[in-house]
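Student: Okay, structure incoming, though there's no sequence with it:
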């Protein structure tokens, strides 16, 4: 009942055509603020993730300070994303869905990043958005699988016919445009439904993409049909080696971190996810000059099972984060960690190319992971380095070759 009060199906008036109603979902949230950043049009998903974190750092007050906010309604549809006042009378912020470049949920925070289009080229940019974002011609674009359940799904085919005639002048103009930094307007909202909001926006992208294909004469949508991903998840063998790591006390290591009073620990943690039999906090990132990095005993991917003797096993992520925040006034913090094994063999069952593997790879290293996806269930983790695919060594293989092997592998994929 509480969720129903926060999420509603509504119709609002089109901001440019008041006589037209747009149907979508409405989420109640706290508007924290907005900022602008510059980024390259060919940014990787990992760089966008870092930019989203930068946006949060710019806008959100430190954890020990209160942050002013205002209650708003976030409207999500296949046409637009709008922020309205609480009584739905005024549209405060309005973005066309095709202008949205990246979304992320970070704890209870939802980050929306939208391109600030040049008015003189806005219509062209809008029309070509799905074409440029779903073509499979650039190796760099292919290197990133959909790794965040908050994101637009990249398809494995081009929507532009092979015999399309594009003049050399048009091509050179597109190349010049792609080199210019892109202005991004970024908004941060706080909601306990941040993950659900991100999933809803991602689903809106999928529906809008299907509409785009229909408008361009592609009627057979079987190649991009949303398949029953849950059935595939049930077929995966959950990685079990982690259980032995927990049971063997020799794998446990206590790390003592000296720090200044009032100094944050400088770590970012995430849930260990569906792939772990025992839920713990996973070390996802460290501030390069923070106490955790300075001690030199921690690595990305370490599982944190206790902080100052307090177990984190089975606790919600927000509780784990709060326990770590409570260490700010301490001068010594003791972490009980479990290191990942040096080599892990993962078996992924992928019936066809229509099923996303659920991770991003850059130069053979897993840089992001779809939580609850088939790869995570199989045991793949962020910061793992792929050394073999289906028995073929990829240690000295180019990034493009690794991407090709992953993109074309079906059946039982051994990594």
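Tutor: Done, it's in. A quick note: this is a predicted structure, and the numbers were derived from the prediction, not measured.

Student: Local confidence estimate at residue 322?
Tutor: Residue 322 is assigned 92 on the pLDDT scale.

Student: Using the three-state scheme, assign it.
Tutor: Secondary structure for residue 322, judged by DSSP: H, G, I helix; E, B strand; the rest coil, is helix.

Student: The one 4 residues further on now?
Tutor: Residue 326 falls in the helix class when you classify it by three-state DSSP.

Student: got a list of what it touches?
Tutor: Contact analysis of residue 326 by CB atoms under 8 Å, 6 or more residues apart in numbering lists nothing. C-beta coordinates here come from the backbone N, C-alpha and C atoms, glycine included.

Student: let's go with 10 Å and repeat that
Tutor: 307-308, 310 (CB atoms under 10 Å, 6 or more residues apart in numbering).

Student: Any buried residues in stretch 284-299, and which?
Tutor: 284-286, 290-295, 298 (16 or more other CB atoms under 10 Å).

Student: Pretty sure residue 197 sits in a helix.
Tutor: Yes: counting by three-state DSSP, residue 197 falls inside a helix.

Student: Quick one: neighbours of it, just the number.
Tutor: A total of 24 residues lie near residue 197 under the criterion other CB atoms under 10 Å.

Student: pLDDT value on it, please?
Tutor: 89.

Student: thought it was touching residue 83?
Tutor: No: the criterion here is CB atoms under 10 Å, and residue 197 misses it with residue 83 at 11.7 Å.

Student: Give me the common contacts of those two.
Tutor: 29, 74, 112, 189.

Student: Quick check: the farthest pair among the residues you listed?
Tutor: Farthest-apart pair in these is 29 and 112; separation 10.7 Å (CB to CB).

Student: Give me the common contacts of these two.
Tutor: 74, 83, 188-189, 197.

Student: Check the residues you listed against residue 106 and report the nearest one.
Tutor: residue 188 (8.9 Å).

Student: Leaving out the residues flanking it, which one is nearest to the closest one?
Tutor: Spatial nearest neighbour of residue 188, excluding adjacent residues (CB to CB, 6 or more residues apart in numbering): residue 32 at 4.3 Å.

Student: Buried ones in the helix or strand containing the one you found, by neighbour count?
Tutor: Residue 32 is part of strand 21-39, with elements assigned from DSSP states H and E. Across strand 21-39, burial judged by 16+ other CB under 10 Å covers 22, 24-34, 37, 39.

Student: Next secondary structure after that strand?
Tutor: Strand 21-39 is succeeded, C-terminally, by helix 45-59 (DSSP H and E).

Student: That following helix - contacts with which helices or strands?
Tutor: strand 21-39, strand 100-106, strand 109-115, strand 182-190, strand 281-286, strand 359-362, strand 365-369 (3 or more CB pairs under 10 Å, 6 or more residues apart in numbering; DSSP states H and E).

Student: Repeat the analysis, applying 8 Å as the threshold.
Tutor: Identification of packing neighbours for helix 45-59 by 3 or more CB pairs under 8 Å, 6 or more residues apart in numbering; DSSP states H and E yields strand 21-39, strand 100-106, strand 109-115, strand 182-190, strand 359-362, strand 365-369.

Student: Adding mean pLDDT and distance to residue 264, write these out as JSON lines.
Tutor: As requested, the helices and strands packed on helix 45-59 are exported to JSON lines (pLDDT from 0 to 100; distance: least, CB to CB, whole Å):
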{"stretch": "strand 21-39", "mean pLDDT": "88", "distance to residue 264": "19"}
{"stretch": "strand 100-106", "mean pLDDT": "86", "distance to residue 264": "16"}
{"stretch": "strand 109-115", "mean pLDDT": "90", "distance to residue 264": "17"}
{"stretch": "strand 182-190", "mean pLDDT": "90", "distance to residue 264": "19"}
{"stretch": "strand 359-362", "mean pLDDT": "77", "distance to residue 264": "28"}
{"stretch": "strand 365-369", "mean pLDDT": "74", "distance to residue 264": "24"}
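
Student: Looking at these, which is nearest to residue 205?
Tutor: Closest among those, once you apply CB to CB, is strand 100-106, at 7.9 Å.

Student: Who does the nearest residue to residue 92 once chain neighbours are set aside form a beta bridge with?
Tutor: Among residues not flanking residue 92 along the chain, residue 83 sits closest, at 4.8 Å (CB to CB, 6+ apart). The partner list for residue 83 in beta bridges (DSSP bridges) reads residue 74, residue 93.
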